[in-house]
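**Q** Next comes the sequence, and after it the predicted model I'd like to discuss.
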Amino acid sequence: MSQPSGIDVNAKHEIYILMRKLADMGKSIIMISSELPEILKMSDRVIIMYEGQVTGEVSKDEASEENIMQYAIGGRKNA
């Protein structure tokens, strides 16, 4: 049984372009990813979960690897 593989770089780039066009048109997009650079690049708002529970929400301006990781390890809770 073969392992699942991701999409190639060119296809991912095309998907990013489409996602940005849709967002610019006012459409909402839910993107789920474990790749932090991808999240930082594509997101206007990030919802972070830890052990199946939402632990934080940050805007694009607040989003940083350090900030997101604090929520992702359960270190902060939404007020």
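**A** Perfect, thanks for sending it.
**Q** Could I get the contacting residues of the nearest residue to residue 44 once chain neighbours are set aside?
**A** Closest residue in space to residue 44, ignoring its immediate chain neighbours: residue 60 at 5.1 Å, by Cβ to Cβ, 6 or more residues apart in numbering. For glycine as for every other residue, the C-beta is placed from the backbone atoms N, C-alpha and C. Residues near residue 60 by Cβ atoms under 8 Å, 6 or more residues apart in numbering: 43, 44, 45.
**Q** The nearest residue to the last one once chain neighbours are set aside: neighbour count?
**A** When you say that, I think you mean residue 45. In this structure, residue 45 finds its nearest non-sequential neighbour in residue 59, 5.7 Å apart by Cβ to Cβ, 6+ apart. Using other Cβ atoms under 10 Å, residue 59 has 10 neighbouring residues.
**Q** Quick check: residue 59 vs residue 68, distance?
**A** Per Cβ to Cβ, to the nearest Å, residue 59 is found 12 Å from residue 68.
**Q** avg pLDDT for the helix ranked longest in the chain?
**A** In terms of residue count, the longest helix belonging to the chain (DSSP state H) is helix 9-24. Averaging pLDDT along helix 9-24 gives 93.
**Q** chain center to that helix, what's the gap?
**A** 14 Å (Cα atoms, centre = their mean, to the nearest Å).
**Q** which outside residues touch that helix?
**A** 6, 7, 29, 31, 41, 42, 44.
**Q** Just the buried residues out of these, in ChimeraX syntax.
**A** The ChimeraX selection below is limited to those of the contacts of helix 9-24 classed as buried (16 or more other Cβ atoms under 10 Å):
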select :42
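**Q** Most widely separated two among the contacts of helix 9-24?
**A** Using Cβ to Cβ, the contacts of helix 9-24 span at most 23.5 Å, a distance reached by 6 and 44.
**Q** in which helix or strand would I find residue 48?
**A** strand 45-50 (DSSP states H and E).
**Q** Name the residues of that strand that are buried.
**A** Neighbour count says strand 45-50 has 46, 48 buried, by 16+ other Cβ under 10 Å.
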